[in-house]
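S.K.: Take this sequence and fold it.
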Amino acid sequence: MNDVHAASTPAAARPPRETTFAEAAAAHLDDVHAYLVYVTGDRMLAEDLTAATFERALRSWRRFDPRRASARTWLCHVARSTALDWFRAEQRRSRREARAAEAEPRRSAPEPLADGLSPELDAALRRLSPGDREVLALRVVLELDGAAAAALLGITPTACSTRLSRALNRLEEELRDADVR
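M.R.: Below you'll find the predicted structure:
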């Protein structure tokens, strides 16, 4: 009887298929890492934050509700929270170590934000604010739709669209300015 009922229940009325954490992690690890690279501008830090993100996600997986968001969007939300916590802690550390903030300049060029980026595009992306890089990562790199990106950022879809437009304009200006130099 249950098989007949399940077969006659419309797909929209059935609850979403249960995804295991391992399946979600395997499917979205690269997306979360790419997002964090753009947000932080640092591949090594992004690797650390990716690990921390999946540790947090595993601990709170039972609270994941596939009816509210996809696993990918939920994991990006956890990644954003992890990154924001890291940035806040880093600000506190910087204030405590204000006198020691005068660090040695980097001797080597930083790793590119993503494979395949021209040095000019990588440099232009690095000159953008973390907020601009974040909206670009969500909408362009991860190809989240406006509603999903807006929900992750905690803003309206219109505000998300505006941020994306402004970030693209600033990126274009950075690239144009680099050509002039």
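S.K.: For the residue nearest to Leu144 when sequence neighbours are not counted, what are phi and psi?
M.R.: Spatially, and ignoring its direct neighbours in sequence, Leu144 is nearest to Leu138 (4.9 Å; C-beta to C-beta, 6 or more residues apart in numbering). (C-beta placed from N, C-alpha, C; glycine too.) The phi/psi pair for Leu138 (degrees, to the nearest 10) reads phi -70, psi -50.
S.K.: Kindly state the pLDDT recorded for Leu138?
M.R.: What the model reports as pLDDT for Leu138 is 91.
S.K.: Please report how far it lies from Leu58.
M.R.: In this view, Leu138 and Leu58 are 23 Å apart by C-beta to C-beta, to the nearest Å.
S.K.: neighbour count winner among the two?
M.R.: Between Leu138 and Leu58, counted using other C-beta atoms under 10 Å, Leu138 has the larger neighbour count: 28 against 14.
S.K.: List the buried residues for whichever helix in the chain runs longest?
M.R.: Assignment by DSSP state H gives helix 71-96 as the longest helix of the chain. For helix 71-96, the neighbour count (16 or more other C-beta atoms under 10 Å) marks 71-80, 82-83, 86 as buried.
S.K.: Just list the residues touching the spatially most central residue of the chain, thanks.
M.R.: Centroid check for the chain by C-alpha atoms, centre = their mean gives Tyr35 as the closest residue, at 3.1 Å. Going by C-beta atoms under 8 Å, 6 or more residues apart in numbering, Tyr35 touches 76, 79-80, 134, 137-138, 141-142.
S.K.: How far away from the center of its chain is stretch 52-65?
M.R.: 16 Å (C-alpha atoms, centre = their mean, to the nearest Å).
S.K.: before we move on, what about stretch 64-80?
M.R.: 11 Å.
S.K.: Endpoint to endpoint, it covers what distance?
M.R.: End-to-end distance of stretch 64-80 (C-alpha to C-alpha, to the nearest Å): 16 Å.
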